[in-house]
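Student: Model the following, please.
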Amino acid sequence: MRSLFSRYAASFLLLLSLFSLAVAVPCKDSTRPTYEVYHSVNGAEHTARATQLKQQGYRVISLSAYGEPDNAQFAAVWVRRDGPAFEMAQGLDAKSFENWWTAWQAKGYVATHVSATGPAERATFAGVMEQVSGAPFWALTDLRSDKPSFRMYGTPQNRRYCVLGHENVGNVFNTVYYTTPSYGIDFKEVFQAELTKRFWRPSHLFVSEDHVITPIFTDTNIGSWASFASLSASALDAEILTQKTNGLHPIQIQGAGSGVDTRFTAIFAETDLSEQRTWTVKGPVNGFANNENAKSNIDSLFRQWMQRNGVRQAQFAVSKNGTIVTERSFTFAEPSRAQVEPDDKFLLGSVSKMFVNAAIVNLIQTGRLNYSTPAYPLLGFHQYADARTANITVRHLLEHRAGYDRDKSGDPAFQFRMVALDLLQGSRTATIKDVIDWVIGRPLDFAPDASYAYSNYGTMVLSYIVEKVSGMEYLEFLQKNLLNGLDIALYKDGAAAHASDRISQETRVIGYDALHPLSNQRISGVYGGGGDIKKQTMGAFSLAGSASSIAKFVGSH
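Tutor: Numbering: from 1, shown residues only. Take a look at the predicted model:
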């Protein structure tokens, strides 16, 4: 089957670490479809049951072939639901399966499920193809695609992969975790880390014959759910009954192994269908020659952009001479998520830099600082690995010409954990001062003023200069001298600080917690897993505010 699968044998598997978890997320959709499930059946029984269920109006939502290829076992979940015509195959060798695939593809069918078991030279394949349009088989190595099916077969010494991907219309967020011969990930650690991302859940728990789990996670809502790994057949049966009393049904079951070594992963939920997103707009539009026409154009632009890119929450504001005339908020999200209000605060990211620039200008205009002031001597740093560091001025930092190129030497703004481990042996959390100590102990990437390179670190140093010159904490200086009552705040680290936030900051990233440098726990990148510490990086990217606050500030600065 090399033409369809083996050429993509690039890396879709994960080291096994058994774990189970149950989580509940409210779902407003009370629809309860009828599900049928079976496992531990041979090919003949699978075919018989499939024929009967198909006649009764059921369709496949989960398929797994596992065990010895000469006596493959099957697990499947079916749901009674209208849908396009579909065809199934099982027990085919690689060449026969490819022929079956090609024949139905020529008739307008698209693969929706694929599974395989056995060593590469005698593997047996199973699959489902549906007569649907707009879901082409495409780039299997694109981790942003929607992956309805996966199977790692072969042997640990000679892996093979079936990976099925459909075009990710709407940019639904997914993450997939795998291992290579030289790289592995602990399943339990990854599972716990993914769930620090608000609204995220496992969508698939694929498993190989040697019990290596490949999980895929997403941020869509299917109501209450529970997932399990390493279940025996009897434990799976018991769990199906238990979850039924909780109103949950199997939506994914994957098997692996043979005989007493057989184990299953399973996901249970209220429904297998993700909650649909709805479109909501709030806020006035004024200040234009034709306000209704402007409103229509603004709303249309945001709706197209948000739906195409999968953006759930956004704001738009226009100010005139510092006064808000248009204040629009947009929501393209599930009903279980908050509708955006015009005054809701978003993580501003690098828009935060405008405030440190304004703060530096304020200090210069009030005679407390000069553009030509050498930065590091002002801060009390006098020992440098690179003598040119002494020549870096406030202007160089403002203009991103100080000599720091993150493409060459990394971005210190996201290296607080590294600094804590390197300088402090992890004894405490690193500060801006620690990061500066670490950076000035390294050579510059270019001579000050010789080139331009965008620098988060440079704006961090500027915020530290604001503190040193003013004698105030950075945010306090902004509030007392620049904000004039605007609701600009620190976006705090840690998931607990954002458990009730109306605005959910989307990210695929997880990483080690920078606040706890000796911890091996990984968390959401937006909560500190990116290597940054929000309180230390306010000058660069970690303030929060609304579009209206930004528009007002720009209008008066």
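Student: now the closest residue to Ile324 other than its chain neighbours, what's its secondary structure?
Tutor: Spatial nearest neighbour of Ile324, chain neighbours left out: Ser548 (5.2 Å); criterion: Cβ to Cβ, 6 or more residues apart in numbering. For glycine as for every other residue, the C-beta is placed from the backbone atoms N, C-alpha and C. Reducing the assignment at Ser548 to three states with DSSP: H, G, I helix; E, B strand; the rest coil gives helix.
Student: got the contact list for Ser548?
Tutor: Ser548 sits next to 315, 317, 319, 324, 327, 342-343 when contact means Cβ atoms under 8 Å, 6 or more residues apart in numbering.
Student: Distance check, it against Gly287.
Tutor: Relative to Gly287, Ser548 is positioned 13 Å away (criterion: Cβ to Cβ, to the nearest Å).
Student: Ok, Ala75 next?
Tutor: Taking Cβ to Cβ as the measure, Ala75 falls 61 Å from Gly287.
Student: One more: Asn481?
Tutor: When distances are taken as Cβ to Cβ, Asn481 and Gly287 turn out to be 28 Å apart.
Student: Quick one: find the helix or strand in the protein with the lowest mean pLDDT.
Tutor: Lowest by mean pLDDT, DSSP states H and E among the helices and strands of the chain is strand 21-23, with a mean of 41.
Student: Tell me which helix or strand comes right after that strand.
Tutor: Along the chain past strand 21-23, the next helix or strand (assigned with DSSP states H and E) turns out to be strand 35-41.
Student: Show me what that next one is packed up against.
Tutor: Under the contact criterion of 3 or more Cβ pairs under 8 Å, 6 or more residues apart in numbering; DSSP states H and E, the helices and strands touching strand 35-41 comprise helix 43-55, strand 73-80, helix 233-245, strand 249-256.
Student: List the residues that contact the closest residue to Ser427 other than its chain neighbours.
Tutor: On the basis of Cβ to Cβ, 6+ apart, the spatially nearest residue to Ser427 that is not a chain neighbour turns out to be Ala420, at 7.8 Å. When contacts are counted by Cβ under 8 Å, 6+ apart, Ala420 is found next to 426-430, 434, 514, 517.
Student: Mind doing that once more with 10 Å?
Tutor: Residues counted as contacts of Ala420 (Cβ atoms under 10 Å, 6 or more residues apart in numbering) are 426-431, 434-435, 438, 514-518, 533.
Student: Buried ones among those?
Tutor: Buried members of the contacts of Ala420, counted by 16 or more other Cβ atoms under 10 Å: 429-431, 434-435, 438, 514-517, 533.
Student: Just the ones of those residues in helices?
Tutor: Of those, the ones assigned to helices by DSSP state H are 434-435, 438.
Student: any chance of those residues in TSV, plus pLDDT and distance to Lys282?
Tutor: TSV is the format used below for these (pLDDT from 0 to 100; distance: Cβ to Cβ, whole Å):
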residue	pLDDT	distance to Lys282
Asp434	98	44
Val435	99	41
Trp438	98	46
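Student: tell me which of the residues you listed is nearest to Arg277?
Tutor: Using Cβ to Cβ, Val435 is the member of those that lies nearest Arg277, at 40.2 Å.
Student: so the closest one touches Gly458, yeah?
Tutor: No: in this structure Val435 lies outside contact range of Gly458 using Cβ atoms under 10 Å: 11.8 Å.
Student: Between these two, which contacts overlap?
Tutor: 412-413.
Student: quick check: domain ranges of the protein?
Tutor: The chain breaks down into these domains under automatic domain parsing: 6-269, 278-342, 351-556.
Student: What's the end-to-end length of the last one?
Tutor: This points to domain 351-556. Distance between the two ends of domain 351-556: 16 Å, counting by Cα to Cα, to the nearest Å.
Student: what about that domain, distance to the chain center?
Tutor: Mean-position distance between domain 351-556 and its chain equals 24 Å (Cα atoms, centre = their mean, to the nearest Å).
Student: Any figure for the gap between the residue of the chain most remote from its centre and Thr373?
Tutor: For the chain, the residue at maximal distance from the C-alpha centroid (Cα atoms, centre = their mean) is Gly367, at 45.7 Å. When distances are taken as Cβ to Cβ, Gly367 and Thr373 turn out to be 12 Å apart.
Student: try Pro250
Tutor: Separation of Pro250 from Thr373 (Cβ to Cβ) stands at 66 Å.
Student: for Val311, same thing?
Tutor: Separation of Val311 from Thr373 (Cβ to Cβ) stands at 41 Å.
Student: Can you tell me the SS state at the nearest residue to Asn309 once chain neighbours are set aside?
Tutor: When the adjacent residues along the chain are set aside, Asn309 lies closest to Asn171, with 5.1 Å between them (Cβ to Cβ, 6+ apart). Using three-state DSSP, the three-state assignment for Asn171 comes out as coil.
Student: burial of Asn171, as a residue count?
Tutor: Applying other Cβ atoms under 10 Å, we find 14 residues neighbouring Asn171.
Student: so it touches Phe332, yeah?
Tutor: No: checked against Cβ under 10 Å, the pair Asn171 and Phe332 is beyond contact range at 11.4 Å.
Student: tell me, what's touching the two both at once?
Tutor: Common contact partners of Asn171 and Phe332 (Cβ under 10 Å, 6+ apart): 306-307, 309-311.
Student: which stretches of the stretch 251-400 of the chain have low pLDDT?
Tutor: For the stretch 251-400 of the chain, no stretch is flagged by pLDDT under 70.
Student: At which residues are the helices of it located?
Tutor: 291-309, 353-365, 375-379, 394-398 (DSSP state H, counting those that start in this stretch).
Student: Single out the most deeply packed of the ones you listed.
Tutor: By mean neighbour count, with neighbours taken as mean count of other Cβ atoms under 10 Å, helix 394-398 ranks first of the helices of the stretch 251-400 of the chain at a mean of 21.
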